[in-house]
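Participant: Here is a sequence with its predicted model. Questions after.
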Amino acid sequence: MKSAVPFLAAVLVLAGALAWAQEEPQVAEAETAALSWLALADAGDFGSTWDQAASLFQGSIPKATWVGALGNARQPLGRMIARKVKTAVFKRSLPGAPDGEYVVIKYDTQFEHHTAIETVTPMLDKDGSWKVSGYFIN
């Protein structure tokens, strides 16, 4: 009797490839939203980053608090010189967040005074558009 293991392995590989192919457009849309949002931060328009963020984000931090925190984090770094995607991973759940559609994007970013890893997490918002729901800079 032949083993079903090779067949099962092929099915699992094909299923994984199909899931990745379905998520690929979502990752691209999320990356576009993240770069648009980051352009606001790069321009020092910290209030607009809150305005353009996901409703989940807006509900978790008051605008004035966010503007102050982002300004304190970004201003010492100087202007952004270069940014390159390190990873972009589609997720349906994240710790401490409701289930949904998220893309966790890590960028290697060179600022005028420092090199950093920025993590931007767009999510598919209530209105059907991708909006940033989280931002961390290390």
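Facilitator: Perfect, I can see it now. Numbering: from 1, shown residues only.
Participant: the longest strand in the protein is where?
Facilitator: The strand that spans the most residues within the chain, counting by DSSP state E, is strand 80-91.
Participant: Show me what the helix or strand just after that strand is packed against.
Facilitator: If you walk from strand 80-91 toward the C-terminus, the next helix or strand you reach (DSSP states H and E) is strand 102-111. Counting contacts by 3 or more Cβ pairs under 8 Å, 6 or more residues apart in numbering; DSSP states H and E, strand 102-111 is packed against helix 5-42, strand 80-91, strand 115-124, strand 130-137. Placement of C-beta: from N, CA and C, glycine included.
Participant: Go ahead and flag the most central residue of the chain.
Facilitator: residue 121 (2.5 Å; Cα atoms, centre = their mean).
Participant: Contacts only, for that residue.
Facilitator: With contacts defined as Cβ atoms under 8 Å, 6 or more residues apart in numbering, residue 121 is in contact with 94, 102, 103, 104, 105, 132, 133, 134, 135.
Participant: Helix or strand with the lowest mean pLDDT in the protein?
Facilitator: Confidence across the helices and strands of the chain bottoms out at helix 5-42, with a mean of 70, counting by mean pLDDT, DSSP states H and E.
Participant: Just after that one, pick out the following helix or strand.
Facilitator: helix 46-51.
Participant: Quick one: mean pLDDT over the next helix or strand after that next one.
Facilitator: Later in the chain than helix 46-51, the nearest helix or strand by DSSP H and E is helix 55-60. Averaging pLDDT along helix 55-60 gives 96.
Participant: In helix 55-60, which residues are buried?
Facilitator: The neighbour-count criterion (16 or more other Cβ atoms under 10 Å) identifies 56, 57, 58 as the buried residues of helix 55-60.
Participant: Name the nearest residue to the last one, sequence neighbours excluded.
Facilitator: Once its chain neighbours are removed from consideration, residue 58 has its nearest residue in residue 50; the separation is 6.5 Å (Cβ to Cβ, 6 or more residues apart in numbering).
Participant: measure the one you found to residue 60 for me?
Facilitator: Applying Cβ to Cβ, to the nearest Å, one obtains 11 Å for the distance of residue 50 from residue 60.
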